[in-house]
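J.: One predicted model, sequence on top.
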Amino acid sequence: MEPRLLNPIDEEGSWWRVVDVVGALQGREYYYCAAGEEVTLMVEDDERMCPWNNGCWKLTVGDDGLATVTLVNSPHPPAAADVTLGVRALASLWAGQSSATQLKLWGLAAGEEKALVRASRVFATPKPPQCFTGF
């Protein structure tokens, strides 16, 4: 458990938001998964700020540790998504700050346990982001 989450005072100094799902997912490296590993994310822009992010996105990791992302179906896909989450939760998963299993525990993501564990591994980072000072 992240100790800062136990503190009821909001002292976080870094806020992230994914504005371009494809650009964000293709723009980072995936460290702890094999080439060809896939995860399908149903992303919902719950604040309706970037409606182009809505949809079911299939992420496939390549030999180089980078991913290709394709739109499976938009905006209402069949039950093809491994993980369903809002765009704000995606930012935390994308940055490696929170795992998919943690997000589900907090009510911010949905999916079957195996899929959540796989997504957690795909998005894991060697060093999660930290912000020690507010700005």
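T.: Looks like it arrived, so ask away. Residues are numbered from 1 along each chain as shown.
J.: Give me the residues contacting stretch 84-101.
T.: 16-18, 21, 24-25, 28, 41-47, 50, 53, 83, 103, 106, 108-111, 113, 115-117, 119-120, 123-125, 127-129 (C-beta atoms under 8 Å, 6 or more residues apart in numbering). For every residue, glycine as well, the C-beta is placed using N, CA and C.
J.: now the residues you listed: which count as buried?
T.: 18, 21, 24-25, 28, 41-45, 53, 83, 103, 108-109, 111, 115-116, 119-120, 123-124 (16 or more other C-beta atoms under 10 Å).
J.: What about these, which are in helices?
T.: If you go by DSSP state H, those have V21, A24, L25, L103, A115, L116, A119, S120, F123 in helices.
J.: can I get those residues in JSON lines with distance to K58 and pLDDT?
T.: Output for those, formatted as JSON lines (distance: C-beta to C-beta, whole Å; pLDDT from 0 to 100):
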{"residue": "V21", "distance to K58": "11", "pLDDT": "92"}
{"residue": "A24", "distance to K58": "15", "pLDDT": "93"}
{"residue": "L25", "distance to K58": "10", "pLDDT": "94"}
{"residue": "L103", "distance to K58": "19", "pLDDT": "95"}
{"residue": "A115", "distance to K58": "13", "pLDDT": "95"}
{"residue": "L116", "distance to K58": "16", "pLDDT": "96"}
{"residue": "A119", "distance to K58": "12", "pLDDT": "96"}
{"residue": "S120", "distance to K58": "17", "pLDDT": "96"}
{"residue": "F123", "distance to K58": "15", "pLDDT": "95"}
